[in-house]
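Undergrad: Following is a predicted model, sequence given first.
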Amino acid sequence: MFTGLIAETGTVVSLEKKVGVTRIHVAAPTLAKQLGTGDSIAVSGVCLTALNITPESFEADLLEETIRRTSLTHLSPGTRVNLELPTPAGTPLGGHVVQGHVDGVGYLLSLTAVTSDADYTDWTLKIAAPAALSPYIVEKGSIAINGISLTVAKVEPAADGAKEVTVALIPHTYAVTNIHTLQPGDPVNLEVDVLAKYAEQRAKKNETESITELSLIAAGF
């Protein structure tokens, strides 16, 4: 489990297509030293398994499910990626519960400075989120964008059932993540709050439940 607090921005060294998988090689001079073979690491919000670790980098395999659901294969050498190690048990949760299981890909609409002082200003980030994720994105709720734990400031309807989602970024988040490298139209990995998904599943179950003679007997009546 992760919490969406980025520890380092790494750099994509290469993407190599192999039989059945795509191998990604990431330079991570800070976090690579903390990895062991088989350890989990979140790469722009995608939980991957570290392989071929050196003191400066690691590799990981992207399976078909990862390729289909995420933006990682849109990356190219030199692209910056957000990196986070799993949260140890007992550690305070600084962000929110992030699984590293991407729900879909959104697209950057705009990234706007609130004031003219680019070094110290807050930023407003707008993304287009797929219609399938709409039920789980609510104002003041949590969302992970490229693995960053963020709070939704506004949700507005867009074309074809999609949503335009606005979040606010403090200067620190803008500076230490890969957000400042993105351009309008770039894809971003989205993970909605897992608690919202479980809540919806429970609500649907309640809607289909009915009282019958057998259910009353099973409940002890």
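TA: Perfect, thanks for sending it.
Undergrad: Which residues does the helix ranked longest in the chain contact?
TA: Ranked by residue count and defined by DSSP state H, the top helix of the chain is helix 194-208. Helix 194-208 has contacts (C-beta atoms under 8 Å, 6 or more residues apart in numbering) with 97, 99, 135-136, 138, 141. C-beta: built from backbone N, CA, C; applies to glycine.
Undergrad: which among those end up buried?
TA: For those, a burial check counting by 16 or more other C-beta atoms under 10 Å picks out 97, 136, 141.
Undergrad: And for the closest residue in space to the last one that isn't next to it in sequence, the neighbour number?
TA: The reference is to Gly141. Using C-beta to C-beta, 6 or more residues apart in numbering and skipping residues adjacent in sequence, the residue nearest Gly141 is Val152, 5.1 Å away. Residues lying near Val152 (other C-beta atoms under 10 Å) number 20.
Undergrad: Can you say which helix or strand has Val152 in it?
TA: strand 148-157 (DSSP states H and E).
Undergrad: which parts of that strand are buried?
TA: Buried-residue list, strand 148-157, by 16+ other C-beta under 10 Å: 148-150, 152, 155.
Undergrad: Quick one: distance of that strand to the chain centre.
TA: Here strand 148-157 is found 13 Å from its chain centre; the criterion is C-alpha atoms, centre = their mean, to the nearest Å.
Undergrad: what comes into contact with that strand?
TA: So strand 148-157 is contacted by 3-6, 45, 82, 94-96, 98, 124-125, 137-144, 163-169, 173, 177, 179 (C-beta under 8 Å, 6+ apart).
Undergrad: Sounds good, over and out.
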